[in-house]
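# build the 3D model from these lines:
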Amino acid sequence: MVKEVVYGIHAAIEALDNNKSVSRIYLSDSLAKNRVLEIEKKAVIGHQPIVKVDNRRLDELTDHGNHQGVAVEIEAYSYVSLPEILAKKTDHDPFLVILDEIEDPQNLGSILRTADAAGIDGIIIPKRRAVQLTQTVAKISTGAIEHVPVARVTNINNAIDSLKDAGFWIFGTDMKGQDYTQWNAKGPVALVIGNEGRGISPQTKKKVDQMLTIPMVGHVQSLNAGVAAALLIYQGFNSRRIGS
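From the prediction side, this is the model:
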């Protein structure tokens, strides 16, 4: 069975609290006593073994990541299907985010964190040429990876067609488009965030119903994908709250 190592206090505790299949917990012999007691209590509840190790061993397990003295070994992160996301019953119109070949795990982790905070109903990523759910993504998401459903699809454009058939409006980001602060995201919507360097692919652009732009007056006419996604997600979030 494929395993992943999740590390860092918040990511590890989130994995334990959400009943991830934890096979082993590694604790540094220098971890603060209150944190040790907190994790030990959770380990007793979940019947998970604890292994006390030194920081050198934790460095090896986490590829020298910022483990904060704790790491847990879990089954690899699982994905949901697009039909499962569409079948999810909520008391509101769904709001989805589509990531068109995002490659940086820092960006995916950041977007997951924002998506959880804003109540996004699901994220769609491609199976190829894009970052997947990994321990680095889990660390950056600070536990949000446990709460936001992620669907992995073979073809983004086919997924968009399925969303349109289900009544969704598709929005994208481009240098030319409507000012994002004027975006009304009410109704079933999906927001496409493009690749860090190439943006949204030409084929996917043809599927988008409306383009949104983030006005910029500086010398660098682009934003980090995670930052751009956060601005757009929260504009959508706020527009949906007004009058609700």
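# pull the residues that contact stretch 228-242.
The set of residues external to stretch 228-242 that reach it, using C-beta atoms under 8 Å, 6 or more residues apart in numbering, is 92-93, 95, 97, 107, 110-111, 114-115, 118-120, 173, 180-181, 183-186, 189, 191, 193, 212, 214, 223. The C-beta positions use only the backbone N, C-alpha and C, and glycine is treated the same way.
# do a quick rundown of the strands in this protein.
With strands called from DSSP state E, the chain shows them at 3-7, 22-28, 50-53, 70-75, 95-99, 122-126, 150-153, 169-179, 189-193, 210-213.
# figure out which of those is closest to residue 202.
The minimum distance between residue 202 and these falls on strand 169-179, with 11.3 Å, by C-beta to C-beta.
# out of the contacts of stretch 228-242, which sit inside helices?
Mapping the contacts of stretch 228-242 onto helices (DSSP state H) picks out 107, 110-111, 114-115.
# residues near the nearest residue to residue 57 once chain neighbours are set aside, how many?
Of all residues not flanking residue 57 in the chain, residue 26 sits nearest, at 7.3 Å (C-beta to C-beta, 6 or more residues apart in numbering). Using other C-beta atoms under 10 Å, residue 26 is surrounded by 22 other residues.
# what's opposite residue 26 in the beta bridge?
Counting by DSSP bridges, residue 26 is bridged to residue 51, residue 71.
# quick check: it vs residue 123, distance?
According to C-beta to C-beta, to the nearest Å, residue 26 and residue 123 sit 29 Å apart.
# coming back round to it: so can I have TSV of the strands of the chain showing mean pLDDT and distance to residue 86?
Formatted as TSV, the strands of the chain follow (pLDDT from 0 to 100; distance: least, C-beta to C-beta, whole Å):
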stretch	mean pLDDT	distance to residue 86
strand 3-7	82	27
strand 22-28	90	30
strand 50-53	93	40
strand 70-75	88	25
strand 95-99	98	9
strand 122-126	97	9
strand 150-153	95	9
strand 169-179	91	14
strand 189-193	97	11
strand 210-213	95	21
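# now the ones you listed as TSV including distance to residue 161?
As requested, the strands of the chain are exported to TSV (distance: least, C-beta to C-beta, whole Å):
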stretch	distance to residue 161
strand 3-7	32
strand 22-28	38
strand 50-53	48
strand 70-75	32
strand 95-99	12
strand 122-126	12
strand 150-153	11
strand 169-179	10
strand 189-193	12
strand 210-213	17
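# quick one, which of those strands is nearest to residue 62?
Nearest of these to residue 62, taken as C-beta to C-beta: strand 3-7 at 4.4 Å.
# that closest one vs strand 70-75, what angle?
Counting by axes from the mean of the first three to the mean of the last three C-alpha atoms, to 10 degrees, strand 3-7 points 160 degrees away from the direction of strand 70-75.
# check contacts around the residue nearest to residue 57.
50-51, 53, 57-58, 61, 70-73.
# which among these gets closest to residue 135?
Residue 135 lies nearest to residue 71 out of these, by C-beta to C-beta, at 8.7 Å.
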